[in-house]
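Chemist: sequence plus predicted model, see below.
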Amino acid sequence: MIRPLILALAVAAIGPAALAQSGGAFTIAETGQSYRRLADAVAAIGGGQGTIRIAPGRYRDCAVQEAGRIAFVAQERGTAIFDGGICEGKATLVLRGQAAAVDGLVFTHTQVEDGNGAGIRIEEGDLSVAYSQFRDAQGGILSATDPDSAISIDHSTFSGLGRRPDGDGAHSVYIGHFGSVRVTNSRFERGTGGHYLKVRAPRVEILNNSFDDSQGRETNYLIDLSEGATGRIAGNVFVQGTGKENYSTLIAVHAEDGENPSAGLVIEDNEASVAPGFRWTTAFVGDWSGEELVIRNNRLGPRITELARR
């Protein structure tokens with residue numbers, strides 16, 4: 001029984017670098033060292049800066065970033081699949097360093113007991129997500145609060161996210177009180193409950209995305225600026241589905257308590273329609289703020305009114 005204890009103490013003493021393995025799936029680009037566990041690669045970077053290149057495969061790994069600036073990058077986009085791994089009862093990646101970037105990864109089957117399982121839980125620091133997929137889970141990206149940091153999402157897909165069959169669940173993307181949020185060139189589809197994009201940040205740019213609720217069920221708003229926001233929503237394509245929990249509004253502005261100003265929020269050059277069989281009247285923008293919004297040049301299909309003051 002002494003030898004396992006000695007081995008454990010030796011590993012602890014020499015630190016994460018000694019856990020490097022030839023042939024490991026997680027390689028730090030700057031050093032060339034490979035690790036068999038994602039958490040070990042993250043620990044090896046520590047408070048520094050580095051890129052973890054992830055080989056094609058399906059993984060049950062998860063990791064917590066406590067410090068530093070780390071990029072999690074697929075060697076080939078769409079081939080590194082994280083399937084159900086959860087750290088701290090929260091997410092596959094729990095991020096609270098200075099900054100993180102995620103490129104080309106796939107997250108699926110993330111479920112936790114409280115219904116808020118996510119591919120990424122961003123708690124502190126800037127986050128950039130690109131060319132990634134979040135599918136068939138409770139949530140895609142969920143944040144805590146960090147008003148000094150920014151989140152950007154580009155060329156990513158959020159599909160089959162929301163409630164579990166027992167009714168518990170989250171939103172496809174839920175960003176809390178961060179400084180700003182930018183979502184571009186991304187697709188939201190096939191929601192299973194909640195909102196597709198829920199944001200409490202005071203500043204947003206939501207540009208050139210697709211929000212396709214035609215196969216959604218028990219869904220709510222396509223965009224929910226819960227406490228209001230300024231910025232721009234433009235160039236997006238919206239389809240309001242028939243399986244709604246709430247069919248009244250596509251874009252909600254300040255539907256909850258909060259102090260973010262919304263005056264001057266620009267909503268322009270978007271296209272919105274309803275799915276076949278949609279029998280209600282819905283508002284393109286539902287506004288609870290009472291402030292002057294700039295709504296112009298949007299192409300709205302039948303059964304969609306431009307603005308409803310709530």
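Modeler: Good, I have the coordinates. Numbering: from 1, shown residues only.
Chemist: does residue 74 have beta-bridge partners, and which?
Modeler: Beta-bridge pairing of residue 74 under DSSP bridges involves residue 54.
Chemist: show me the contacts for it.
Modeler: Contact analysis of residue 74 by Cβ atoms under 8 Å, 6 or more residues apart in numbering lists 53, 54, 56, 80, 103, 104, 105. (Glycine included, C-beta is placed from N, CA and C.)
Chemist: what pLDDT is listed against it?
Modeler: Looking at residue 74, its pLDDT is 98.
Chemist: same check on residue 23?
Modeler: At residue 23, the model reports a pLDDT of 73.
Chemist: cool, and residue 4?
Modeler: So residue 4 comes in at 39 (pLDDT).
Chemist: what's the farthest-apart pair in the contacts of residue 74?
Modeler: Greatest spacing in those, by Cβ to Cβ: 56 and 103 (14.3 Å).
Chemist: more neighbours: which of the two?
Modeler: residue 103 (20 against 12; other Cβ atoms under 10 Å).
Chemist: pLDDT weak spots in the chain?
Modeler: 1-22, 164-169 (pLDDT under 70).
Chemist: residue closest to the middle of it?
Modeler: residue 141 (2.6 Å; Cα atoms, centre = their mean).
Chemist: that residue sits in which helix or strand?
Modeler: Element membership of residue 141, judged by DSSP states H and E, is strand 139-143.
Chemist: can you name every helix or strand that that strand contacts?
Modeler: strand 118-122, strand 146-154, strand 157-161, strand 173-175 (3 or more Cβ pairs under 8 Å, 6 or more residues apart in numbering; DSSP states H and E).
Chemist: part of a strand, is residue 40?
Modeler: No: under DSSP: H, G, I helix; E, B strand; the rest coil, residue 40 falls outside any strand and is assigned helix.
Chemist: ok, residue 38 - how many residues close by?
Modeler: The number of residues near residue 38, taken as other Cβ under 10 Å, comes to 24.
Chemist: what do you get for the one 10 residues further on?
Modeler: Using other Cβ under 10 Å as the criterion, residue 48 is surrounded by 12 other residues.
Chemist: do the same with residue 198
Modeler: 23.
Chemist: distance of it relative to residue 209?
Modeler: Look at residue 198 and residue 209: by Cβ to Cβ, to the nearest Å, they are 14 Å apart.
Chemist: buried subset of the contacts of residue 74 as a PyMOL selection?
Modeler: Burial among the contacts of residue 74 is assessed by 16 or more other Cβ atoms under 10 Å; the matching PyMOL selection reads:
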select buried, resi 53+54+80+103+104+105
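Chemist: if we only consider the contacts of residue 74, which is nearest to residue 148?
Modeler: Nearest to residue 148 among the contacts of residue 74, with distances taken as Cβ to Cβ, is residue 103, at 23.4 Å.
Chemist: any idea how far residue 147 is from the residue lying closest to that closest one once chain neighbours are set aside?
Modeler: If the residues on either side of it in the chain are set aside, residue 103 comes closest to residue 73, at 4.6 Å by Cβ to Cβ, 6 or more residues apart in numbering. In this view, residue 73 and residue 147 are 28 Å apart by Cβ to Cβ.
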